[in-house]
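1. Sequence first, then the predicted structure, then my questions.
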Amino acid sequence: MIKTNVLFVCLGNICRSPVAEALFREKILKSGLIGISCDSAGTNGLHNGEQPDIRSIKVCEENGIFLNHISRQVTSEDFENFDLILALDHTNLTLLQRMQPESSNAEIHLLRKWDTVLEDLNVKDPYYGNQQDFVEMFEVIDRACAGLVNSLASGQK
Ligand code: 4NP
């Protein structure tokens, strides 16, 4: 299989995208697919160097997922180093599309393109919400990552 590097991108890289990265990695491991790697980053550098939000850590822990990530901002090199860049919502999709250098061949999509429930393609920003918002965020990301892994397993993107 051709190597696929996947980057998950939200705003702060402390709530949504670290969860997407960890869930995707877990599903790739379970699927037995090889040659796929992933990371996450934020379009906004406000939380650079921070651990994930405690509420993301909690919902992951409750579901047996270990979060191990330090927040970082998207760089121009990311557009060369990753071939699939997945935004957690439309705002970040637009920011990424504006940032993409001409030399980059990376494909940029919404993560929820692979969700089976398509009423709203944003993974809602839970930062100003409560733990229940993080539970719902986890469920949406879990479903979309499962769809993504299925499509990678069947040789599609
Ligand atoms: P994330 O959530 O983009 O899912 O990491 C946010 C984290 C921080 C802020 C907003 C959203 N903030 O405004 O600081």
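-> Structure's in. What do you need?
2. For the rest of this, base every contact and every neighbour count on C-alpha atoms.
-> Will do.
3. Please enumerate the strands of the chain.
-> Along the chain, counting by DSSP state E, strands occupy 4-10, 36-42, 84-87, 107-110.
4. right, and those strands - which one's nearest residue 150?
-> strand 36-42 (13.1 Å; Cα to Cα).
5. for the closest one, which positions count as buried?
-> 38, 39, 40, 41, 42 (16 or more other Cα atoms under 10 Å).
6. Same question for stretch 122-130.
-> 122, 123, 124, 125, 126, 127.
7. List, out of those residues, those positioned next to the ligand.
-> 125, 127 (Cα under 6 Å from any ligand atom).
8. related to what we said a few turns ago, can you lay out the strands of the chain as CSV showing distance to residue 139?
-> Below are the strands of the chain laid out as CSV (distance: least, Cα to Cα, whole Å):
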stretch, distance to residue 139
strand 4-10, 16
strand 36-42, 18
strand 84-87, 17
strand 107-110, 16
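9. so where's this structure uncertain?
-> Across the chain, the ranges flagged by pLDDT under 70 are 1-2, 156-157.
10. show me where the chain has helices.
-> Taking DSSP state H, the helices of the chain run over residues 16-31, 54-62, 78-81, 90-99, 131-153.
11. Pick the most buried one from these.
-> helix 16-31 (a mean of 22; mean count of other Cα atoms under 10 Å).
12. near the ligand, which residues of this structure?
-> Proximity of the chain to the ligand (Cα under 6 Å from any ligand atom) is limited to residues 10, 11, 12, 13, 14, 15, 16, 125, 127.
13. and the helices of the chain as JSON lines, adding distance to residue 5?
-> Putting the helices of the chain into JSON lines (distance: least, Cα to Cα, whole Å) gives the following:
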{"stretch": "helix 16-31", "distance to residue 5": "11"}
{"stretch": "helix 54-62", "distance to residue 5": "23"}
{"stretch": "helix 78-81", "distance to residue 5": "7"}
{"stretch": "helix 90-99", "distance to residue 5": "16"}
{"stretch": "helix 131-153", "distance to residue 5": "12"}
